[in-house]
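> need a 3D model of the sequence below.
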Amino acid sequence: MRISFLLILFAFLVYTLYTNWRALNTGSDKLLLILLGTFNMILLVMYLFHLKLPFPAEWF
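Numbers count the residues shown, from 1 in each chain. As a prediction, the model looks like this:
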C-alpha cells in the first residue's frame, strides 16, 4: 500500500507542476493548482523525511 500511495502522490505532483508551468506560460491565474502543488510538495518532503502525518498508518 505504501508504494501505490507514493506513486499516486508523485503522479499528482508531476501533474500539478506541469499545469503550474503551463499556467505561468499562458499568464492565467491558477492559484488553486499552485496551492495544491505546493501542498503536495510539502507532503512529499514530509514523507521523505519520515515525519508523522495525520494519515492512517496503513497508507504508509
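
> when you work out contacts or count neighbours from here on, use the C-alpha atoms and nothing else.
Fine.

> tell me what the helix or strand harbouring R22 is packed against?
Element membership for R22 (DSSP states H and E) is helix 2-26. Other helices and strands packing on helix 2-26, by 3 or more CA pairs under 8 Å, 6 or more residues apart in numbering; DSSP states H and E, are helix 31-48.

> give me the angle between the helix it packs on and helix 2-26.
Inter-element angle recorded for helix 31-48 and helix 2-26: 150 degrees (by axes from the mean of the first three to the mean of the last three CA atoms, to 10 degrees).

> how many other residues sit next to G37?
Per other CA atoms under 10 Å, the neighbour tally for G37 reads 21.

> excluding its backbone neighbours, what's nearest it?
Among residues not flanking G37 along the chain, T16 sits closest, at 5.2 Å (CA to CA, 6 or more residues apart in numbering).

> that neighbour reaches L36, doesn't it?
Yes - using CA atoms under 8 Å, T16 is in contact with L36, at 7.2 Å.

> these two: who's more crowded?
Ranked by neighbour count (other CA under 10 Å), T16 and L36 place T16 first, with 20 against 16.

> pretty sure L44 sits against L9.
Yes - using CA under 8 Å, L44 is in contact with L9, at 7.4 Å.

> state the number of residues packed around the closest residue to N40 other than its chain neighbours.
Leaving out its chain neighbours, the residue that sits closest to N40 by CA to CA, 6+ apart is L13, at 6.1 Å. For L13, the count of nearby residues is 20 (other CA under 10 Å).
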